[in-house]
Structures are given as structure tokens and as C-alpha cells.
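1. Everything below, folded, please.
(chains A and B)
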Amino acid sequence: MLDIKLIREDKNNIIERLNRRGRDFTDVIDRIIKKDQDRRLILIELEGKKQQLNSSSKEIGILKQEGEEEKADILKQNLKQLSEEIKEEDKNITEIDQSLKFLLLSIPNALLLDVPLGKSAEDNTIIKVVGEAKLFDFKPKDHVDLGEALGYLDFDRAGKIAGSRFPLLMGEGAKLERALINLMLDLQAVNGYTEVVPPFLANQASLTGTGQLPKFEEDLFKCRDDEYYLIPTAEVPLTNIHRNEFIKAEDLPLKYTAYTPCFRREAGSYGKDTRGLIRNHQFNKVEIVKLVKPQNAEKELESLLRDASMVLDALELPYRVVKLCGGDTGFSAAKTYDLEVWMPSSESYREISSCSLFTDFQARRLNIKYKDENKKTNFIYTLNGSGLAVGRTFAAVLENFQNAAGKLILPEILQKYLKN
RNA sequence: GGAGAGGUGGCUGAGCGGUUUAAAGCGGCGGUCUUGAAAACCGUUGACUGUUAAAGGUCCGGGGGUUCGAAUCCCUCCCUCUCCGCCA
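-> Numbers count the residues shown, from 1 in each chain, chains lettered A, B, ... in the order given. So this is what the prediction gives:
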């Protein structure tokens, strides 16, 4: 959520940073400003009336103590109407507050000024390329053919159990998935993240806090009889650990990691990546989350990116780092780097991690504060990244480490994890 | 699922219709003392809104109600704890 004060005081700057997303936010911002002004006008009048009521009520208390019952009764009669008026106007203010809040909750984060302009993924900036994109002297299989041949994957039976876009890993495949999870968690432990096993369902407040609600409900699986949603990412529970909390400055930064399954309806992506592990309704992910002081934000994003990259380095997978352009940056993020892994079957790079800085956008929704150096209360900044999407890593491992015979030659570190 | 207890400022905790602008303690901050520190003592210290600064307004789990006036009474929902039942 953007700061209404900032919108009031620095409207043009906010609009400029929003418009980097590739559409014009002037109208919405103007509507917000108008509503905010209306609200303040009504509020001034209302507060005057409240002041009057408060002091008169106090007077009644005093009169009664002095035994002046009659005077008190007269005053009481006179206050009845004022009290009614206040109640009425209070209702109006609440309504305006709610619609203002809804508008604010529906506006995406203002982007940092170094986020490149652009409409789609094609306009992202390639920051660096790590490792060599493997070219095979045979035609590499994709991870589905390979996985099914090896008995690791069984999408037909997954369809029987649940439906399309669900994975079923069997035998060595299931073990490989578990090895990857363990490897990732161990690496992030070394990087100083506290391991967490959070709830896999979250309530409405939590999802509003991180930004999935109210705008993107159609992307979520929702329980029918309870106000719970299946988490679309561990970002939700991890970032919500400290919702409505005051953090001691010396406890920052706070760093958490968790492995969780993630559940996404993938509404609106019919026909996209229908094959394999790339886009499923359920997938495993190891997430890393940080709560930091604002002044360290950019540095913390760079280090978060390194923490995520480290997994790809350890697995010896070729990848590249891209900075997302405005149009491709997610709703809550102010700036995002993606890690894209090389997929030999399609000879392309595919997103495997997304590392974002959210500035105080989430913290404001979540009400997470700390006291800064000047003892001023301030919102913390949040960041998160995938470290990594396990399903996509699984696919990348299969495709990158296959040989002509259709067997896997895994890097040493993975072999070690498979043994344990 | 049944019965009971409870949710109050960074923390502990009193208040249970009207000088409460939420007591007190802890913690924090400043000071006195000290070579320095600790202890002790003195002062200060909730959040949000608003303002040049103030005044004022809002906030005692969430929502609604009663009243001139609600932390306090009523309704409702949520959460925590104890006991019972069921259960991995």
C-alpha cells in the first residue's frame, strides 16, 4: 500500500514511478486525492462536534456529582441530537475510509527509478550470464519424456488423482525432489536464514498483507467452508510472521527460509506451459524472506539475489540474471531480479527464481514497524526470493544432466544428497 | 464438539459507566553520583491522525448495540489458556 501522505505531497513523483509499469495511473491517483480531500473536510467538522459532545458529557458528570440533577437532565436532552448527528457522520466517514482503503490496496507499488521501462518480459535487461548454455551433440529430451522414461514422473496418474497440472513423483524422482529441498534449505541456513515450517493455509488478512488480496483472488485456491486460502508461496506465511509487530532495530535484519508446497489456480494461463513441471497447480518451493531497515534496502536485494544464485551455482546449472522492466514487475514489488535457468530442450532460459524488494509496500499493509536511529517509528522494508522453485529445478536438472543414453549424470553435490 | 477462564501501551499488569488526558512496575531515553561502570536516586517515555508548533480527534482483540458519556454494560465474531470428548 502506498503512503497517502506521499500521494498528497509528491503526487507527480508517485505517478511517474507507477507509470513505469506501462499504463497511466493519473486518473486513479486523482480520484484518491479527491476522496482524501473530501474526507478531511468532513473530518474537521465531525471532530469539532465530537469535541463539543465530549466536553458537555464531562460537564454532566460533574453536575451529577454536585447533585445538580435538573441541570444535568436539561443538558442531556440537548445533547441527544448532537450525538445522533455524530453517529450519522461517523458512518459516512467509515464508508469513505473503506473505499479509500480499497482504492489504495488496489494500487501497485511505485517502482524504483532504475527499473527499466518496458511492457513485457522481452524488455527485461540481462544483467549477467553464468555458465555455458549447454549444447548437446544429440537431441536432448525434455524433462517430461526423460522423467517418464526413468520412472521419475507420472503425469497420467497424477491426472487420475487430481487433474491436469499436478505432478506425481515416484521412487528415485521423489527422492531427487527431496534431495533438492534439503540442499536448498541447507544452503540458506549457511546464508543465515532461520528455517521455518509455516502453515500452508493462510487467512485473508495475511494474503492482503503481502498483496495477493484483494486484487488477485482468482489466482488462489480458497476453502469452501472456511476463510482460508492455500498459500501460493511461502512468502505469505513468512512475511506475515511479524504482522502487527514492533521490531527492535537491533533485531534487524530478520531472515527466514521455508520449504512449502505452493498452490496456484493459474487462471488465465490456459494452454500455457501445459506440459510438465513448469506451470502446475501445486509445486514445491524454498523461499527466502528478509525484513530489513530501509537504508539497507538496495544492498539487501543484491545479497538476496546472491543467496538465491548460490543454489544454481552449487547445482552447476547455467543461468542468467535479468532485471525486470516496469511492465513485468509484480504488483507489490518496487524492483525485481529474475534468475532464469537454461533449459536445453527448448534452448531457452526459464524463470526459476524471482528476487524482489517491496520497500514499505507490504510492511504498511502488514503494520510492521521499528524505531529508527532518531527514535522515530517507521515501517520496515521487506524482500523475498525463491531459493528456488523446486519443480523447475527438478526439470532443469533432468534436462541439463542427461546423456545420449537417456541416463542422468548428476553433479557430485546432488549425488551426495541422494545418498543421505 | 462440550464446560470454564482470559485478550489493556515495547513487555508485565491495575482499572469493571463520568477529573482515566489508562495506575503501577519492567524495559528504553536523559540526568545526578562515580576515575569509569554497576547500584541507587531524580526526570522522561504508548500508537495513529492533525499542526510551523499546539489545540483537537481516534485507539484498551475485530465488528455491532445501549447511553449525554463505554476499557468498563449487552450482542456477535476471532484468538489464547485450562478441563472433558474425539483424533494423527
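2. Quick check, pLDDT for the closest residue to RNA strand B within the stretch 201-350 of chain A.
-> Nearest residue of the stretch 201-350 of chain A to RNA strand B: residue A:246, at 3.9 Å (C-beta to the nearest atom of the strand). Every C-beta, even on glycine, is put in place using the N, C-alpha and C of the backbone. You'll see residue A:246 listed with a pLDDT of 80.
3. so it is in which element?
-> strand A:245-247 (DSSP states H and E).
4. can you check residue A:179 too?
-> Assigned by DSSP H and E, residue A:179 falls in helix A:172-190.
5. Give me the helices and strands touching that helix, please.
-> helix A:143-150, strand A:194-195, strand A:254-263, strand A:282-292, helix A:297-314, strand A:381-389, helix A:390-400, helix A:412-419 (3 or more C-beta pairs under 8 Å, 6 or more residues apart in numbering; DSSP states H and E).
6. Pull out the buried positions in that helix.
-> Across helix A:172-190, burial judged by 16 or more other C-beta atoms under 10 Å covers A:173, A:176-181, A:183-185, A:187-188.
7. Then stretch A:226-242?
-> In stretch A:226-242, counting by 16+ other C-beta under 10 Å, buried: A:228-242.
8. residue in chain A nearest to RNA strand B?
-> Proximity of chain A to RNA strand B (C-beta to the nearest atom of the strand) peaks at residue A:61, 2.7 Å away.
9. What is the burial count for that residue?
-> For residue A:61, the neighbour count with other C-beta atoms under 10 Å is 10.
10. Return the per-residue confidence for it.
-> 85.
11. tell me what the helix or strand containing it is packed against?
-> Using DSSP H and E, the element containing residue A:61 is helix A:26-65. Applying 3+ C-beta pairs under 8 Å, 6+ apart, we find helix A:26-65 packed against helix A:4-9, helix A:11-19, helix A:69-105.
12. Please repeat the previous calculation with a cut-off of 6 Å.
-> helix A:69-105 (3 or more C-beta pairs under 6 Å, 6 or more residues apart in numbering; DSSP states H and E).
13. What helices and strands are in contact with the helix or strand following the helix it packs on?
-> Remark: after helix A:69-105, the chain's next helix or strand is strand A:125-130, criterion DSSP H and E. Counting contacts by 3+ C-beta pairs under 6 Å, 6+ apart, strand A:125-130 is packed against strand A:319-323.
14. 10 Å instead, please
-> In terms of contacts (3 or more C-beta pairs under 10 Å, 6 or more residues apart in numbering; DSSP states H and E), strand A:125-130 is packed against helix A:297-314, strand A:319-323, strand A:335-343.
15. that older thread, which residues are in contact with the residue of chain A closest to RNA strand B?
-> Taking C-beta atoms under 10 Å, 6 or more residues apart in numbering, we find residue A:61 in contact with residue A:72.
16. List the buried residues for the helix holding residue A:61?
-> In helix A:26-65, counting by 16+ other C-beta under 10 Å, buried: A:28-29, A:32, A:35-36, A:39, A:46, A:60, A:63.
17. do stretch A:10-24 as well
-> A:14-15, A:17-22.
18. again with stretch A:377-393
-> Those buried within stretch A:377-393 under the rule 16+ other C-beta under 10 Å are A:378-393.
19. try stretch A:262-277
-> So, applying 16+ other C-beta under 10 Å, buried residues of stretch A:262-277: A:262-265, A:276-277.
20. Just the mean pLDDT for that stretch, thanks.
-> Per-residue pLDDT over stretch A:262-277 has a mean of 85.
21. what residues does the stretch 151-300 of chain A put near RNA strand B?
-> Taking C-beta under 7 Å from any atom of the strand, the part of the stretch 151-300 of chain A that reaches RNA strand B is made up of residue A:246.
22. Sketch out the low-pLDDT regions of the stretch 151-300 of chain A for me.
-> In the prediction, the stretch 151-300 of chain A carries no residues with pLDDT under 70.
23. Please repeat the previous calculation with a cut-off of 80.
-> Within the stretch 151-300 of chain A, the stretches with pLDDT under 80 are A:225-226, A:248, A:250, A:268-272.
24. ok, now the stretch 1-150 of chain A?
-> By pLDDT under 80, the weakly predicted segments of the stretch 1-150 of chain A are A:65-68.
25. Show me which residues of it are close to RNA strand B?
-> A:5, A:47-48, A:50-51, A:53-58, A:60-62, A:64-65, A:76, A:79-80, A:83, A:94.
26. Walk me through the domains of chain A.
-> A:4-105, A:121-419 (automatic domain parsing).
27. what's the first-to-last distance across the shortest one?
-> To tie it back to what came earlier, the one meant is domain A:4-105. Taking C-alpha to C-alpha, to the nearest Å, domain A:4-105 runs 11 Å from one end to the other.
28. likewise the longest one?
-> Distances were taken as C-alpha to C-alpha; on that basis the terminal residues of domain A:121-419 are 39 Å apart.
29. Would you format the domains of chain A as a markdown table with distance to residue A:112 included?
-> Conversion of the domains of chain A to a markdown table gives the following (distance: least, C-beta to C-beta, whole Å):
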| stretch | distance to residue A:112 |
| --- | --- |
| domain A:4-105 | 8 |
| domain A:121-419 | 5 |
